[in-house]
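*Asks:* sequence and computational prediction follow.
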Amino acid sequence: MPPQAGKTLAEVWPNLQTGAETIFNNHGKLGTGVMSRVRHMELYHEVHNFCTNSRGQTSLVTQENNHERKSGASLVGRELYGKLREFLGQHCRSLRDNFLKLSGEELLSNYTKIWGNFVFSAKVCDHIFAYLNRFWVPREKEDGAKDVYEIFKMTLVVWREFCFYGLKAQLLEAILDLIKRDRNREKINTQVLTDMKDCIVALGVDDEEDSESGKPAGQLAIYKDEFEKTFLEKTSEFYTAESDEFLQENPVTEYMKKAEQRLEEENHRVTVFLHETTRDELAKNCEKVLIKRHVERLHGEFESLLKDERIEDLRRMYSLLARIPDGLEPLRNLLEKHVTTKGLEAVDKCGEADTDAKAYVTTLLATHAKFTTMVKNAFDDDPSFVAALDKACREFVNHNSVTKAHKSKTARSPELLAKYCDSLLKKSSKNAESEELESLLDGVMVIFRYLEDNDVFQKFYSKALAKRLVNSSSASDDSEASMISKLKQTCGYEWTQKFQRMFQNMGTSKELMVKFRAKVKASGTPLTIKDFYVMVLTSGSWPFNANSEQLRLPSEMEKCCERFRMFYMSEHQGRRLNWLPNLSKGEIVTNFTKDPKSSKPMSYTLQASSYQMAILLHFNDKDTVTLDELVASLQASAETLQGVLGVLLKTKLITLDGTNYKLNFGFKNKKIKVNINMPIKAEAKAESESVHQSIEEDRKMVIQAAIVRIMKTRKRMKHNELITTSIDQLKSRFQPKVPAIKAQIGQLIEKDYLERVEGTRDEYNYLA
C-alpha cells in the first residue's frame, strides 16, 4: 500500500534504505527471492509519493511567495538526494576497505567483478529514484548547482571518489604490471584489462569542461588523466631500456625487426584492452623511443643495405623511418648518390659503349630497371624516392664517361639513343616481334625522358627516320607510328610535326607515281628503266639539303628523270624539283660475269647508289676508265668519286691498275643479289659532325628567339635575370650554357633588337 500523504523523510527513509541495501548487496536482481517486482514498485511509489505530497504541502503554504515555494521543493529533493548519496558513500567505503586487502591481478579481477555488479545495481536504483531525475535534478541544474547529477551518474561519482581515487595507486600498479608481463611474453588475462579500461572510461561522467585546470573534460577525462598519462610514461621507460640493451647485443637489422614487431604489438594492445583514442599517442610515444632515439644508427646502416641490395631490410627501414618527421630525407639523398655511382660504374664497365649504341642504351636501361624495382619493392614507390631515382638517372645518363669523352659533353647520349632506336625500327633479320618491339620502344622513351638535350635526339632521329623512309627499310609502319606517338605525348605536337609530314610525303608520292605511270602507259612510250620510282619530299620537312654539285646521270637514267620532271611541272606549276643523287639508288644486272664452275654466263643483280650506277654504266662503253674521265663525264668532284670508287674496289667489281680502273671480269659472289651500296665510315663520321654543327647553329637561333620573346614581354631586364629566365625557357629542349646566352645577347644588340640601358652595364631595353 502507498504510504500516507505527508510522511516526513525520517519516516520514509528507513524503508528506502532497506531497499537500497537489498539492491546493492544483492546486485538489484528482480523477480527473485531477494527482491520481488512488487517490492521494487513499492520503493518507486514511496519516492514518488514522498516527493509529490511534500511538494504539494509546500505549495499550499507558500503559494504567494514563488521563491519560498522553490526553496521548499528543493529542500525535499536535496534531503532525499543527500541521504542516498550518504548511503552510497558508506557502501563504497566498505567495498574499498575490502579491496585494500588484495593486490595485483586478484585485485583487478575482484574490482571489475564488483564494479559490474555495482553498475547493475545503480541502474535499478536509478529507476526507483526516477522522480528525482525527472523533476528535481533538472531544476537544480537550472539554478546552477554543480554537484548534482542524475542518480545513475551520482552512483558512479561516489564510486569514483571512494573506490577509484581511494585505490588509484594500487590499481595503476596492478594494471601496469600486467601490461609489462604481457610485453615480456607472459600469458595474462587480457579480459581483466579490458574490463578495467571500460570501468575507468565509464567514470568520466562530468559534463562540464574544466577550463581552469586545463585537464581533459568529458567522458575520457579520467581515462586520459589518471591512466593514459602514466601508462605512456611507463611505456617510454620500458622501451628505452629494452632498445638500448638490444642494440648493444644485436645488429641494426635485427633491431629493426624487433622494433617493427613491438610497434605491431602495441597497436594490437590498443585493439584488445585499451581505448581507441590511445592508439595515436601510443604510436607516437613508441616511435619516439624505438626509432627517433636511434635514428642515427639506422641512417648509418642504410648505405650498406643499399650496397648489399637487401630489399627486405630496406623496406623495413623505410617503414620505420617514415613514421618520424624528416626520417626519410637522408635516405633519399643516399639513394640518389648510390644510384648515380652505380650508373656511372655500369657505363664504365661497358667497353664498347662509345660506339655500340645498343650496348650503351641497354646498360642504362638495366641500371634504371634495377633501381626502379628497388624503389617499388623497398620504398613502396614513394614519390620522393622516385624523384631521387629520376635525379640520379638524369645525372648518369647525361654526364658519364661516354658523354664526357665527346666534345659537346651532353650530346652523346641522345645521339646514341637515336641510333639505338634506328636499329630497332630498321628492317633486318634480327627484328623483334611486334610486342617485344613495343616494349623496347617503351625502354627508349624511359631514357629519352632523362635527356637534357632533346634537340640532339630530335635531329639524329629525324635523319635516321628520313633514311628509313627513303630506303624503304622500316621494319614496320605501325612501329614507326607508335614511336612518333610516344614522342608526341611526351614533347607535344610541334616537336613531331616534321616526322608526320615525312609520312604524308610518302603517301603523296605513291599517289603521284600512280598518276605518272598511268600517263606513261597512255603515251605508248615506255620508260627506259623498269620500276622507275620517284619520291617527292617537301624541302622544309626533311633533314636533307640539295647538293651544291649535281651529278650528271647516264642517258638511261636522265631520260626517265626528265619525263617525270615534265609530268610534275604540269601537275604543280611554279614548283621546282631538286634531285638528290646521293640518296637515290637502283639495281643493275651484270652481263659480263660467268659461273666459276661451268664457265657459263651468270648474272648478278647489284643494289647500288646512283653514283655507283653512273660509274658502272661507263663500263658498257669501255673496260677501263680513269678518275679524270669520270670527273669530266659525271661533273662530280674527284673527292666524292674517289670515295665511291673505294667501295667498288672493296667489292672487287673493279680493279685498279695504276690510274686506270678496270672492270673485274672474274667477279664472283655467293649471293645472286648483291648489295654494294654500303655506307662509308668516313662519310658517317662526317655526317655526325655535320649534324652536331647544325645543332649548334640551330641553338643560336633558338636562344635568340627566346631572348626576344622574353624582352618583348618585359621591355627592360637585368642581365642576370634575363640569363635565368632564358635558361628556364630553353631547358625543355636543351641545357643552354651561360656563355652561349651571353653571345646571343651580344648578337641581338648588334642587330638592334636590344640595347644597354644608358649609364648601366647589366641592364637591357627591348627595341621594337
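*Replies:* On my side now, so go ahead. Numbers count the residues shown, from 1 in each chain.
*Asks:* can you give me every residue that contacts Leu465?
*Replies:* The contact partners of Leu465, by CB atoms under 8 Å, 6 or more residues apart in numbering, come to 422, 425, 480, 499, 502. Heads up, the C-betas are built off the backbone N, CA and C, glycines and all.
*Asks:* 7 Å instead?
*Replies:* Contacts for Leu465 (CB atoms under 7 Å, 6 or more residues apart in numbering) come out as 499, 502.
*Asks:* separation between it and Phe457?
*Replies:* To Phe457, Leu465 is 12 Å away according to CB to CB, to the nearest Å.
*Asks:* do Leu663 as well
*Replies:* In terms of CB to CB, Leu663 sits 44 Å off from Phe457.
*Asks:* of the two, who's got more company?
*Replies:* More crowded of Leu663 and Phe457, by other CB atoms under 10 Å: Phe457, with 24 against 21.
*Asks:* then the strand or helix carrying that one to CSV, C-alphas only?
*Replies:* Phe457 belongs to helix 454-470 when assigned by DSSP states H and E. Only the C-alpha atoms of helix 454-470 are listed here, as CSV (Å, rounded to 0.1, in the frame of the first residue of the first chain):
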residue,chain,number,x,y,z
ASN,A,454,66.2,16.6,-76.6
ASP,A,455,67.1,18.7,-79.7
VAL,A,456,70.1,16.4,-80.4
PHE,A,457,67.9,13.3,-80.3
GLN,A,458,65.3,15.1,-82.5
LYS,A,459,68.0,15.9,-85.1
PHE,A,460,69.5,12.4,-85.2
TYR,A,461,66.2,10.6,-85.1
SER,A,462,64.8,12.8,-87.9
LYS,A,463,67.9,11.9,-90.0
ALA,A,464,67.5,8.2,-89.3
LEU,A,465,63.8,8.2,-89.9
ALA,A,466,64.2,10.0,-93.2
LYS,A,467,66.7,7.4,-94.4
ARG,A,468,64.4,4.5,-93.4
LEU,A,469,61.6,6.0,-95.3
VAL,A,470,63.6,6.9,-98.4
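*Asks:* could you list the low-pLDDT ranges of the chain?
*Replies:* For the chain, the stretches with pLDDT under 70 are 1-6, 27-34, 54-75, 206-218, 352-354, 407-410, 546-549, 596, 679-687, 768.
*Asks:* which stretches of it form strands?
*Replies:* 585-589, 605-609, 624-626, 654-657, 660-663, 673-675, 716-718, 754-756, 763-766 (DSSP state E).
*Asks:* go through those and name the closest to Leu320.
*Replies:* strand 716-718 (48.6 Å; CB to CB).
*Asks:* now for the closest one, which elements pack on it?
*Replies:* Using 3 or more CB pairs under 7 Å, 6 or more residues apart in numbering; DSSP states H and E, the elements in contact with strand 716-718 are strand 763-766.
*Asks:* tell me the buried residues in the strand it packs on?
*Replies:* With burial defined by 16 or more other CB atoms under 10 Å, the residues of strand 763-766 counted as buried are 764, 766.
*Asks:* from Leu469, how far out is Cys421?
*Replies:* Distance from Cys421 to Leu469, by CB to CB: 14 Å.
*Asks:* ok, these two, which is more surrounded?
*Replies:* Neighbours were counted for Cys421 and for Leu469 using other CB under 10 Å; Cys421 has more, 26 against 21.
*Asks:* state the distance from the more buried one to Ile484.
*Replies:* Cys421 is 11 Å from Ile484, by CB to CB.
*Asks:* what does Val738 give?
*Replies:* Distance from Val738 to Ile484, counting by CB to CB: 34 Å.
*Asks:* so these two - more neighbours on which side?
*Replies:* Between Val738 and Ile484, counted using other CB under 10 Å, the more crowded position is Ile484 (18 against 12).
*Asks:* for that one, give me its contacts.
*Replies:* 496, 499-500.
*Asks:* one more pass at 6 Å, please.
*Replies:* 496, 499 (CB atoms under 6 Å, 6 or more residues apart in numbering).
*Asks:* can you list the residue ranges for helices in the stretch 601-750 of the chain?
*Replies:* Using DSSP state H, counting those that start in this stretch, the helices of the stretch 601-750 of the chain run over 610-617, 627-634, 638-651, 681-714, 719-730, 738-750.
*Asks:* nearest to His91, of these?
*Replies:* helix 719-730 (80.7 Å).
*Asks:* tell me the buried residues in the closest one?
*Replies:* 719, 722-723, 725-727, 729-730.
*Asks:* next one: stretch 738-748
*Replies:* 740-741, 744-745, 748.
*Asks:* and stretch 516-532, by the same measure?
*Replies:* Quick answer for stretch 516-532 (16+ other CB under 10 Å): 516, 520, 532.
*Asks:* try stretch 751-766
*Replies:* Neighbour count says stretch 751-766 has 753-754, 764, 766 buried, by 16+ other CB under 10 Å.
*Asks:* need those in a markdown table with distance to Lys146, can you?
*Replies:* Below are the buried residues of stretch 751-766 laid out as a markdown table (distance: CB to CB, whole Å):
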| residue | distance to Lys146 |
| --- | --- |
| Tyr753 | 83 |
| Leu754 | 81 |
| Tyr764 | 77 |
| Tyr766 | 77 |
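*Asks:* how about the buried residues of stretch 738-748 in CSV, adding distance to Val38?
*Replies:* CSV is the format used below for the buried residues of stretch 738-748 (distance: CB to CB, whole Å):
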residue, distance to Val38
Ala740, 106
Ile741, 103
Gln744, 107
Ile745, 107
Leu748, 109
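*Asks:* closest to His268 among those?
*Replies:* Taking the buried residues of stretch 738-748 together and measuring to His268 by CB to CB, the closest member is Ile741, at 62.0 Å.
*Asks:* residue contacts, Val644?
*Replies:* Residues counted as contacts of Val644 (CB under 6 Å, 6+ apart) are 611-612.
*Asks:* how near is Arg39 to Cys51?
*Replies:* 19 Å.
*Asks:* one more: Phe135?
*Replies:* 7 Å.
*Asks:* pick out whichever of those two has more residues nearby.
*Replies:* Using other CB under 10 Å as the criterion, Phe135 and Cys51 rank with Cys51 on top: 21 against 15.
*Asks:* need the contact list for the more buried one.
*Replies:* Going by CB under 6 Å, 6+ apart, Cys51 touches Tyr131.
*Asks:* likewise for Leu314?
*Replies:* 305, 378.
*Asks:* for Thr590, which non-adjacent residue is spatially closest?
*Replies:* Once flanking residues are discounted, Thr590 sits nearest to Tyr604: 4.7 Å by CB to CB, 6 or more residues apart in numbering.
*Asks:* turn the buried residues of helix 719-730 into JSON lines, including distance to Leu321.
*Replies:* Formatted as JSON lines, the buried residues of helix 719-730 follow (distance: CB to CB, whole Å):
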{"residue": "His719", "distance to Leu321": "45"}
{"residue": "Leu722", "distance to Leu321": "43"}
{"residue": "Ile723", "distance to Leu321": "40"}
{"residue": "Thr725", "distance to Leu321": "39"}
{"residue": "Ser726", "distance to Leu321": "41"}
{"residue": "Ile727", "distance to Leu321": "36"}
{"residue": "Gln729", "distance to Leu321": "39"}
{"residue": "Leu730", "distance to Leu321": "39"}
